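Colleague: Pasted the sequence and its predicted model underneath.
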Amino acid sequence: MNLPSNIELIAVLSGIACATGLVLAAVALIGTTRPARTRAGSGLRRLWVGGGTTARERRAHQTLVVGAVLAGAVAFLLTGLPVVGLLVVLAVPGAPWLFTAGRAERRAINRIEAIGEWTRRLKDVSSTGQGLQQAIIGTVATAPDRIDEEVRLLAARLTAGWQARAALLAFADDIADPVGDQVVAALILHLTDRGERLGEVLGAIASAAAAEVVTRREVEAKRAQPRFAVRFLTGMTLLVLAYGLVNPDYMRPYGTPDGQLVMVLLGAAFVALLAWVRSMSLPPRPARFLAPPDTDEVLA
């Protein structure tokens, strides 16, 4: 085998290795943050099912996966280049992931605001002389929309006979925010000492939640510029990729093994750059201090 053939073989093998690394990197970036299971089959099932907590979210994820595979196949048929098909497969779920940078933070801010509103309503209801569990159940009808499902689930657990402490810890795990942990911690302490100043504590937490919302929204506004950069770069990348799909002359230099290797390297570098810029536009995840309830303390 002559020297050029060796170079082409090395280029093809390198391209395959880089493409595999690119796929794994995309799965790591777009996937969930839950601990990975040990079996490979479970990992593939997670990739298919996604990290959604509801059937609607899982169906949307599966539709996106099927659409990505079909779009990649069409791109490969149009260009005859496997790396282009791979890039299209990554672009279908990756573009929404990049365009929606900041949505999770805005959702968290809105939920903190809802927690503050619910805490004030719980304070008002508990001040009428009702017990804590009855007061929580009494707030179901007026719970804010953004935490309505969690409050209803908390009331259902209390009604079903869960221990109040376990139900509150499960509620904090559903909310998954330090502000919710503060509210639940105050309620759990009230279960043990039956103090008469629960209303004052809940009022203070509600005021702190309102201040937290103001602070986070100010920070959110300052992150608008890097998020615009992410959307702009993503949009330009999609336009270039679409132009290459409809213009064979533009993609001809990448038709060789060396060209495919160059495309893999450029694609990997660009995906890494966009992921890095997106990470700069997101705040650090706030640390929580309450753990989920133990299974042996759920039922009274």
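Modeller: Structure received.

Colleague: so where do the helices sit in the stretch 51-200 of the chain?
Modeller: Using DSSP state H, counting those that start in this stretch, the helices of the stretch 51-200 of the chain run over residues 55-79, 82-99, 103-126, 132-138, 148-159, 164-175, 178-193, 198-222.

Colleague: Residue 272: which of those is closest?
Modeller: helix 82-99 (11.9 Å; Cβ to Cβ). (Each C-beta comes from the backbone N, C-alpha and C, glycine too.)

Colleague: List just the one of the helices of the stretch 51-200 of the chain that sits closest to residue 288.
Modeller: Judged by Cβ to Cβ, the one of these that comes nearest to residue 288 is helix 178-193, at 5.3 Å.

Colleague: tell me what the closest one is packed against?
Modeller: Taking 3 or more Cβ pairs under 8 Å, 6 or more residues apart in numbering; DSSP states H and E as contact, the helices and strands that helix 178-193 lies on are helix 103-126, helix 132-138, helix 164-175, helix 198-222.

Colleague: Can I get it as CSV, trimmed to CA atoms?
Modeller: Only the C-alpha atoms of helix 178-193 are listed here, as CSV (Å, rounded to 0.1, in the frame of the first residue of the first chain):
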residue,chain,number,x,y,z
PRO,A,178,-33.3,26.8,47.9
VAL,A,179,-36.2,29.2,48.5
GLY,A,180,-38.5,26.3,48.7
ASP,A,181,-36.2,24.6,51.1
GLN,A,182,-36.4,27.6,53.4
VAL,A,183,-40.2,27.5,53.4
VAL,A,184,-40.2,23.7,54.1
ALA,A,185,-37.6,24.0,56.8
ALA,A,186,-39.7,26.5,58.6
LEU,A,187,-42.8,24.3,58.3
ILE,A,188,-40.9,21.2,59.6
LEU,A,189,-39.6,23.2,62.6
HIS,A,190,-43.1,24.3,63.3
LEU,A,191,-44.2,20.6,63.4
THR,A,192,-41.7,19.9,66.2
ASP,A,193,-42.0,23.0,68.5
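
Colleague: Pull the residues that contact it.
Modeller: Residues from elsewhere that reach helix 178-193, judged by Cβ atoms under 8 Å, 6 or more residues apart in numbering: 112, 115-116, 119, 132, 164-165, 168-169, 171-172, 175, 195, 198, 201-202, 205, 208-209, 212, 286-290.

Colleague: quick check: angle from it to helix 148-159?
Modeller: Between the axes of helix 178-193 and helix 148-159, defined by axes from the mean of the first three to the mean of the last three Cα atoms, to 10 degrees, the angle is 20 degrees.
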